[in-house]
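Peer 1: model the following, please.
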Amino acid sequence: MIKTILIATDGSDYSKTAVEYGIYFAEKLEASLIGLHVTDIRLLPGPFFGDVTGTISPPPYQDAIPIMEAALQDRADAILKAFQEQCGSKAVCRAIRKVTGIIDETIIEEGENADCILLAQRGERSHRVGGAILGSTAESVVRLSGKPVLITPATFIETESIALAYDGSPTADHALQLAVALSDKALWPLTVITISSDPKATDQTIKKIEPLLEGLAIKAETIVLTGKEDKVLLQFIQEGSVEMMIMGAFGHNRLHELFLGSTTSSIIRKSPIPILMTR
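Peer 2: So this is what the prediction gives:
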């Protein structure tokens, strides 16, 4: 069960919505929040540069370096103060962390001390590639972190029901266990979605799922859809049937998802509701 949520915040509008979701989920799940701001080490100027002769010299702007560093630290302090103010008098804020490093790597490292990592769908520099596989901090963290990662959209809406995309893979089994636990804890009705055009495989999948749903105190159902996974799931999401989707970060074809674009990436980028990804 999720007891501690790490929220990476950069002060952007998307990030403020992420904090709003974090507070909401922490109260629903009786969890606590850790606010994290990472100052991108790539924004800090290097201490030296080489001239055309190969001589290493102090940079001409070295007097400005302390000012730049102080400005970044002041900004980090302001962002974390805003995080605390957004939490207000609520008892969910446990700690704040200010760290300098590579953003996605630092979030993953700090996330080892939490049960779940919460990130905005977009950040203040979402247009930069920054070394991530598909050019997104959120996608990079989803792919490399061993913890569940919750990606939040631009606009906050309360969660009244949740869905799970289930394909029978090991990650989907893990996601199913988490979905059942969350449904039971927060009393969220749960819809399990399986996408298949093979009746025999569908029957086997449903038989695998149903025993886990029988003991829930809240309504749970399984539905079968057909079509291309990302399009089907996005259509289901956009119909407004649920307010959070849970899914495994990788399906059966991991290499296809990793290198060629994927259901995972498409959902992360386009979903208007929070997506909780598990490994």
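Peer 1: ok, Ala181 touching Lys3?
Peer 2: No: with contact defined as C-beta atoms under 8 Å, Ala181 does not reach Lys3; the gap is 11.5 Å. In this view, the C-beta of every residue, glycine as well, is placed from N, C-alpha and C.
Peer 1: not counting sequence-adjacent ones, nearest residue to Asp104?
Peer 2: Closest residue to Asp104 apart from its sequence neighbours, by C-beta to C-beta, 6 or more residues apart in numbering: Ser140 at 4.2 Å.
Peer 1: what about the one you found, which helix or strand?
Peer 2: Assigned by DSSP states H and E, Ser140 belongs to helix 137-144.
Peer 1: helix, strand or coil: sort out Lys90 for me.
Peer 2: coil (DSSP: H, G, I helix; E, B strand; the rest coil).
Peer 1: excluding chain neighbours, what is closest to it?
Peer 2: Excluding the flanking residues, the one nearest Lys90 by C-beta to C-beta, 6+ apart is Ile23, at 6.1 Å.
Peer 1: close enough to count as contact, that neighbour and Gln86?
Peer 2: Yes: Ile23 lies in contact with Gln86 (C-beta under 8 Å); the separation is 7.2 Å.
Peer 1: neighbour count for these two, which is higher?
Peer 2: The neighbour comparison of Ile23 against Gln86 (other C-beta atoms under 10 Å) goes to Ile23, with 21 against 16.
Peer 1: so for the longest helix seen in the chain, what gets flagged as buried?
Peer 2: The longest helix of the chain (DSSP state H) is helix 65-87. Buried residues in helix 65-87, counted by 16 or more other C-beta atoms under 10 Å: 76, 79-80, 82-83, 86-87.
Peer 1: still on that earlier bit, Ile7 versus the residue nearest to Lys90, what's the distance?
Peer 2: 9 Å (C-beta to C-beta, to the nearest Å).
Peer 1: shouldn't Leu276 be within a strand?
Peer 2: Yes: under three-state DSSP, Leu276 sits within a strand.
Peer 1: gap between it and Ile96?
Peer 2: Per C-beta to C-beta, Leu276 is found 23 Å from Ile96.
Peer 1: swap in Thr194?
Peer 2: Taking C-beta to C-beta as the measure, Thr194 falls 41 Å from Ile96.
Peer 1: how about the helix or strand hosting Thr205 as PDB, C-alpha atoms only?
Peer 2: Per DSSP H and E: Thr205 is located in helix 199-214. What follows is helix 199-214, C-alpha atoms only, in PDB (Å, rounded to 0.1, in the frame of the first residue of the first chain):
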ATOM      1  CA  PRO A 199     -12.400 -15.100 -27.100                       C
ATOM      2  CA  LYS A 200     -10.400 -18.000 -25.600                       C
ATOM      3  CA  ALA A 201      -7.600 -15.700 -24.400                       C
ATOM      4  CA  THR A 202     -10.300 -13.300 -23.000                       C
ATOM      5  CA  ASP A 203     -12.000 -16.100 -21.000                       C
ATOM      6  CA  GLN A 204      -8.700 -17.100 -19.500                       C
ATOM      7  CA  THR A 205      -7.900 -13.500 -18.500                       C
ATOM      8  CA  ILE A 206     -11.300 -12.900 -16.900                       C
ATOM      9  CA  LYS A 207     -11.000 -16.200 -14.900                       C
ATOM     10  CA  LYS A 208      -7.600 -14.900 -13.700                       C
ATOM     11  CA  ILE A 209      -9.000 -11.500 -12.700                       C
ATOM     12  CA  GLU A 210     -12.300 -12.300 -11.100                       C
ATOM     13  CA  PRO A 211     -11.100 -14.100  -7.800                       C
ATOM     14  CA  LEU A 212      -9.200 -10.900  -6.900                       C
ATOM     15  CA  LEU A 213     -12.300  -8.700  -7.400                       C
ATOM     16  CA  GLU A 214     -14.700 -10.800  -5.400                       C
END
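Peer 1: many thanks, have a good one.
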